[in-house]
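> Using only what follows, build the 3D model:
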Amino acid sequence: MNLVARIAPVLVFLIAVTVIAELADQAKVFDVAAREAAHLARGRVWRLWLLVVVLATGLTIVLSLDTCAVLLTPVVLSMARQLGIPPKLFAFTTVWLAGTASLLLPVSNLTNLLALHQFRALDAHFLAFSWRPAIAAVLITVAVLAVLFHRDLRRTYDVPPTPHVDDKVLFWGSAAVCLLLGPAFVSGIEVAWPATAGALVLVVLFAIRRRSALRWSLIPAKLVVTVTGLFLVVGFLSDHGLQTILSRIAGTTSELRLSATAALGANLADNLPAYLAMEPVAADSPHRMTALLIGVNCGCLLTLWGSLATLLWRDRCDAARVDISWWSFLWRGLILTPLVVTGSVLALGG
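Numbering: from 1, shown residues only. Predicted structure coming up:
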């Protein structure tokens, strides 16, 4: 029963925020945002890239890493191709920030939502511990991207026309819901409630304006089944000695060692089961809980299966004919991951 109580709000949030993001995408909210960024950048790739960084960071923080990795990725890849810009700059910007920008709020990552009850049990406010590591993680990611893709950032492009919006009511209604979710999520209300309310508002709006967009495939059934299965598998393994093994590896004194262990687990077996398996190891302290989240959120960028969002991002890259091999993902991740995990743990402090 305890497991069901923990899973239910997370799954409700996951379904609701996916419906919001999919309908907002159909209303061209993300497409217009990306094209407006291209206009504001006035033909300079480095300015366009910084605006995409802001957009990707904001989407990740407010609508979760899945929205950034899954919905923003095809938009910016299409934009890059139309502007004649090498697409890998924007591909890695979306996937890396989807991970490293997902530390700030409980809604930014499913792992954070799972950890929220533990922070409450410790009488600790999530944001009080997450904001410093979150800022450090984003800044380090941006710096590494700037170094790795410095040649692409020097390019210029011709400014494209603004995309046509078919239905301004749907566009502005969807944009308003997305913008209002931010303050709703930090208000202290259980996040499943505003997410559900936002999803219902958009469903009603689309039922009136564009009923054909409403279909059962908006509900991420496979993702829900996968998340539920991960809960059950890790619960079984935890009951059969997994916690003891992880406690010995992670130790009890070093937060950096804890983060590194969590990062290793995320890259081997996905960040969600890695968090679930290691939660008991860190449950005695909000500092250790944050260090665990640093490891599973920011440290899962070495393998293409390090998170569900990364797997979905790879599918979108394949659909856009942008080849991201496991090796190219790994060697770039080997540059970023040690820096972002170490820097975020240091920013966490004692």
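> Pull out the buried residues from the helix ranked longest in the chain.
Counting by DSSP state H, the longest helix found in the chain is helix 2-26. Residues of helix 2-26 classed as buried under the neighbour-count rule (16 or more other Cβ atoms under 10 Å) are 6-7, 9-26. In this view, the C-beta of every residue, glycine as well, is placed from N, C-alpha and C.
> do stretch 280-291 as well
Using 16+ other Cβ under 10 Å as the test for burial, stretch 280-291 gives 281, 282, 285, 286, 287, 288, 289, 290, 291.
> got the CA coordinates for it in PDB?
C-alpha atoms of stretch 280-291 as PDB (Å, rounded to 0.1, in the frame of the first residue of the first chain):
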ATOM      1  CA  PRO A 280      17.600   4.400   1.800                       C
ATOM      2  CA  VAL A 281      21.300   5.000   1.700                       C
ATOM      3  CA  ALA A 282      20.800   8.800   1.700                       C
ATOM      4  CA  ALA A 283      17.500   9.100   3.600                       C
ATOM      5  CA  ASP A 284      19.100  10.300   6.900                       C
ATOM      6  CA  SER A 285      20.000  13.800   5.600                       C
ATOM      7  CA  PRO A 286      18.700  16.400   3.100                       C
ATOM      8  CA  HIS A 287      22.300  17.100   2.000                       C
ATOM      9  CA  ARG A 288      22.800  13.400   1.200                       C
ATOM     10  CA  MET A 289      19.400  13.300  -0.500                       C
ATOM     11  CA  THR A 290      20.500  16.200  -2.700                       C
ATOM     12  CA  ALA A 291      23.800  14.600  -3.400                       C
END
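> Give me the contacts around it.
Stretch 280-291 is contacted by residues 115, 118-119, 121-122, 124, 129-130, 133, 238, 243, 246-247, 250, 255-256, 258-259, 262, 279, 292, 345, 348, 350 when judged by Cβ atoms under 8 Å, 6 or more residues apart in numbering.
> I'd like to know which of these are buried.
115, 118-119, 122, 124, 129-130, 133, 238, 243, 246, 250, 255-256, 258-259, 262, 279, 292, 345, 348.
> So which of those residues belong to helices?
Among those, the ones falling in helices (DSSP H) are 115, 118-119, 129-130, 133, 238, 243, 246, 250, 255-256, 258-259, 262, 279, 292, 345, 348.
> Would you map the helices across the stretch 51-200 of the chain?
Along the stretch 51-200 of the chain, the segments classed as helices by DSSP state H, counting those that start in this stretch run 73-83, 88-100, 110-121, 126-148, 150-153, 168-185, 192-209.
> Need these in JSON lines (columns: distance to residue 222 and mean pLDDT).
Converted to JSON lines, the helices of the stretch 51-200 of the chain look like this (distance: least, Cβ to Cβ, whole Å; pLDDT from 0 to 100):
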{"stretch": "helix 73-83", "distance to residue 222": "18", "mean pLDDT": "84"}
{"stretch": "helix 88-100", "distance to residue 222": "19", "mean pLDDT": "95"}
{"stretch": "helix 110-121", "distance to residue 222": "15", "mean pLDDT": "90"}
{"stretch": "helix 126-148", "distance to residue 222": "29", "mean pLDDT": "97"}
{"stretch": "helix 150-153", "distance to residue 222": "34", "mean pLDDT": "95"}
{"stretch": "helix 168-185", "distance to residue 222": "24", "mean pLDDT": "88"}
{"stretch": "helix 192-209", "distance to residue 222": "18", "mean pLDDT": "92"}
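> right, so of the ones you listed, which gets closest to residue 42?
Residue 42 lies closest to helix 73-83 among the helices of the stretch 51-200 of the chain, at 12.5 Å (Cβ to Cβ).
> and the closest one, what does it pack onto?
For helix 73-83, the packing partners by 3 or more Cβ pairs under 8 Å, 6 or more residues apart in numbering; DSSP states H and E come out as helix 29-41, helix 88-100, helix 308-319.
> quick one: contacts of it?
Residues from elsewhere that reach helix 73-83 (Cβ under 8 Å, 6+ apart): 30-31, 34-35, 38, 48, 52, 86-87, 89-91, 93-95, 157-158, 160, 313, 316-317, 319-320, 322.
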